[in-house]
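*Asks:* Next one to model:
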Amino acid sequence: MWMRLGTMAGAAMGLALCTCGPAAAETLYVSNERGDSITVIDAGAMKVVATWPVGGRPRGITVSKDGRFIYVCASADHAVQVIDRATGKVVADLPSGQDPEQFFLSRDGGMLFIANEDNAALTAVDLSTRTVAFQVDVGGEPEGVAQSPDGHWVAVTSEEDNVVNWIDLGTRAMVGETPTDLRPRHVEFTADGTALWIAAEVGGTVQIADAATRKVTDTLTFSIPGVAAHRILPCGIRFTPDGSTAVVALGRADHVALVDVATRKVRAYVPVGRRVWHMAISADGTRAYTADGLSNQVSVIDLAAARVVGTVPTGGAPWGIALLP
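*Replies:* The predicted structure follows:
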C-alpha cells in the first residue's frame with residue numbers, strides 16, 4: 001500500500017521523509033493560480049527560497065532558453081508576463097491575446113506559441129521584438145500547446161470542440177483536426193516526433209495520435225483501486241529525458257500514473273496531493289515534481305521507487321512548474 005503524503009503532517013515531514021540520494025542543483029518555479037504569485041524552490045534542499053508577486057491567475061510557466069527570464073500566463077490580466085530571474089521583478093507584458101492559459105516556447109527559443117481561451121486563437125509572439133508575429137484561429141477554448149521536435153507542427157487542443165488543431169508553421173495555417181475524447185487539456189510530442197500524447201480530461205483517457213496521419217492510434221485508460229472513475233481527470237503529461245516513461249497527472253484522482261512508453265502500460269500509480277495539475281521532470285530523469293492544486297504544495301516523486309519522498313509548500317492553488325538545471 002502506498003503511503004499518502006499529501007496531508008498536513010506529510011507536508012511538515014517532507015524533508016525527513018526523503019530517503020533518496022541527493023538531487024541535482026535545480027530550481028523550480030511554480031505558478032500559483034489563486035495566490036497570484038510564483039514560488040521559487042530549491043529542488044535539492046526541497047525548500048522555498050522566494051515568492052514573487054505576479055499578475056492575476058497565473059497558469060502556464062516556462063524559462064527562456066538563455067535562463068534569464070521566466071514567462072508566465074497571467075490569465076486574468078490577459079498577458080504573458082516576463083520576469084527577470086535575477087530580481088524576480090516583472091519587466092514586460094507580452095501581447096498575448098485574451099485569457100492566455102498555456103504556451104509553448106519554440107524549439108529555437110525565439111517564439112512563444114500562446115493558447116488564448118477567450119478568443120479561440122493561437123498567438124505567436126516574437127521574443128526578440130516582443131510583438132505578435134502571427135495569429136491563427138483554432139477551436140473553442142484552446143489550452144494545450146506543443147511544437148513538434150522538427151519544428152513543423154504546432155498542436156493546439158480545443159476543449160470545447162474536442163479536437164486537436166494542427167498548425168503548419170511553414171504556411172502559418174491550420175491544416176487539420178484530430179477528434180479526441182472529451183475536453184482535451186494537454187498535448188505532448190514524443191522526443192522522436194512520431195506521436196502526440198493527448199490528455200482528455202473529462203474523457204478520462206490519454207490518446208496517442210500518429211503525427212504523420214494525425215489520427216488516434218491508441219487510447220489509454222486508468223483504473224485506481226478505491227478511486228471513482230469520474231475523479232480520474234488526466235491533465236499534464238511529461239516524458240522522462242530518456243523517453244521511456246510518461247508521467248501523467250490524473251487531476252482529482254490525486255494520483256499520477258507512470259506509463260511505460262514502449263508498452264503503453266501503467267507500471268505504477270503514485271498518490272500525491274489533491275487535484276494534481278502539471279509537472280516537471282528533473283534533468284537526470286530520477287524525479288518528478290507535481291503541482292498539487294488543492295493541497296498548496298509540490299510533491300517530489302522518486303520515479304524509480306514510484307513513491308513520494310517529500311513535499312514543499314507553495315502559494316494558493318499551484319498550477320504549473322518550470323525547472324531550470
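*Asks:* From here on, just use CA atoms for contacts and neighbour counts.
*Replies:* Will do.
*Asks:* Compute the distance between Pro325 and Gly310, please.
*Replies:* 19 Å (CA to CA, to the nearest Å).
*Asks:* and what of Gly170?
*Replies:* When Gly170 is compared with Gly310 (using CA to CA), they lie 45 Å apart.
*Asks:* contact partners of the strand or helix carrying Cys73?
*Replies:* Here Cys73 is covered by strand 69-74, with elements defined by DSSP states H and E. By CA atoms under 8 Å, 6 or more residues apart in numbering, the surrounding residues in contact with strand 69-74 are 31, 54-64, 79-85, 99-103.
*Asks:* which ones among those are found in strands?
*Replies:* When DSSP state E is applied, the contacts of strand 69-74 are split such that 31, 58-63, 79-84, 100-103 fall in strands.
*Asks:* Mind jotting down where the helices sit in the stretch 1-150 of the chain?
*Replies:* 8-12, 14-17 (DSSP state H, counting those that start in this stretch).
*Asks:* pLDDT score for the closest residue to Thr240 other than its chain neighbours?
*Replies:* Nearest non-adjacent residue to Thr240, counting by CA to CA, 6 or more residues apart in numbering: Gly285, 5.3 Å away. Gly285 is assigned a predicted lDDT (pLDDT) of 97.
*Asks:* ok, Gly285 - contacts?
*Replies:* So Gly285 contacts 240-242, 303 (CA under 8 Å, 6+ apart).
*Asks:* Show me which of those is closest to Asp108.
*Replies:* Asp108 lies nearest to Pro241 out of the contacts of Gly285, by CA to CA, at 18.3 Å.
*Asks:* Pull the contacting residues for that closest one.
*Replies:* 283-285.
*Asks:* now those residues in JSON lines, with distance to Val156 and secondary structure?
*Replies:* JSON lines is the format used below for the contacts of Pro241 (distance: CA to CA, whole Å; DSSP: H, G, I helix; E, B strand; the rest coil):
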{"residue": "Ala283", "distance to Val156": "26", "secondary structure": "coil"}
{"residue": "Asp284", "distance to Val156": "28", "secondary structure": "coil"}
{"residue": "Gly285", "distance to Val156": "26", "secondary structure": "coil"}
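*Asks:* So Ile208 lies in a helix, does it not?
*Replies:* No - the assignment for Ile208, made by DSSP: H, G, I helix; E, B strand; the rest coil, is strand rather than a helix.
*Asks:* Trp197 is in contact with that one, correct?
*Replies:* Yes - with contacts counted by CA atoms under 8 Å, Ile208 reaches Trp197, the gap being 4.6 Å.
*Asks:* Run through the residues that contact Ser75.
*Replies:* Ser75 touches 55-59, 98-101, counting by CA under 8 Å, 6+ apart.
*Asks:* how about the nearest residue to it, chain neighbours excluded?
*Replies:* Asp99 (4.6 Å).
*Asks:* and Asp150, how many neighbours does it have?
*Replies:* Around Asp150 there are 10 other residues, counting by other CA atoms under 10 Å.
*Asks:* cool, and Val216?
*Replies:* Val216: 18 neighbours (other CA under 10 Å).
*Asks:* what do you get for Ala304?
*Replies:* Ala304, neighbours per other CA under 10 Å, totals 9.
*Asks:* Isn't it up against Thr286?
*Replies:* Yes - assessed by CA under 8 Å, Ala304 is found in contact with Thr286 at 6.7 Å.
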